[in-house]
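Enquirer: Okay, sequence plus prediction incoming.
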Amino acid sequence: MRRRGLLVGAALAGALLAPAAGAEPSARERLAQERRAVEQRYAAEEAACRERFTVTACVEEVRRARREALTDVTARQIALDDAERQRRAEVRRRRIERKQARRAAAEQQAASAAKPPAASAAGPAPR
């Protein structure tokens, strides 16, 4: 059972890595496809287990194989989500910095416009 699962997993990995006709799917789409393939394989293997006399051990082995297969998919999904979260945070940080810079420039401009010129503030120039 384990050997067959590895062969199916290798075939699945090869199919997912093969270039698709047309546009290449995004990383999220590839992960979703891989997750669906693992779930379909799990359902098929579990159904095959139900045909046997010793169902429990077979189902437990299939579930263990499913967990192992999904561990990698889940780890890559978490990494992808983390990278997206960091990218959004960086965009937000830059937006805040630009807003703060505009506000500081506006305050500085308002302060310099409110200040009288330096020569008239000191009074008439001595002769």
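Expert: All right, it came through fine.
Enquirer: Packing partners of the top helix by length along the chain?
Expert: In the chain, ranked by residue count with DSSP state H as the criterion, the top helix is helix 55-114. Other helices and strands packing on helix 55-114, by 3 or more Cβ pairs under 8 Å, 6 or more residues apart in numbering; DSSP states H and E, are helix 2-17, helix 27-50. In this view, the C-beta of every residue, glycine as well, is placed from N, C-alpha and C.
Enquirer: ok and that helix relative to helix 27-50, angle-wise?
Expert: Comparing the axes of helix 55-114 and helix 27-50 via axes from the mean of the first three to the mean of the last three Cα atoms, to 10 degrees yields an angle of 160 degrees.
Enquirer: Tell me how far helix 55-114 lies from the chain's centre.
Expert: Put simply, helix 55-114 sits 7 Å off its chain's centre (Cα atoms, centre = their mean, to the nearest Å).
Enquirer: thinking again about what came up before, show me the least confident stretch of the helices and strands packed on helix 55-114, going by mean pLDDT.
Expert: When the helices and strands packed on helix 55-114 are ranked by mean pLDDT, helix 2-17 comes last with a mean of 45.
Enquirer: does Phe53 count as helix, strand or coil?
Expert: Three-state call for Phe53 (DSSP: H, G, I helix; E, B strand; the rest coil): coil.
Enquirer: Just the pLDDT for it.
Expert: pLDDT, Phe53: 74.
Enquirer: how much space is there between it and Leu80?
Expert: Using Cβ to Cβ, to the nearest Å, Phe53 is found at 43 Å from Leu80.
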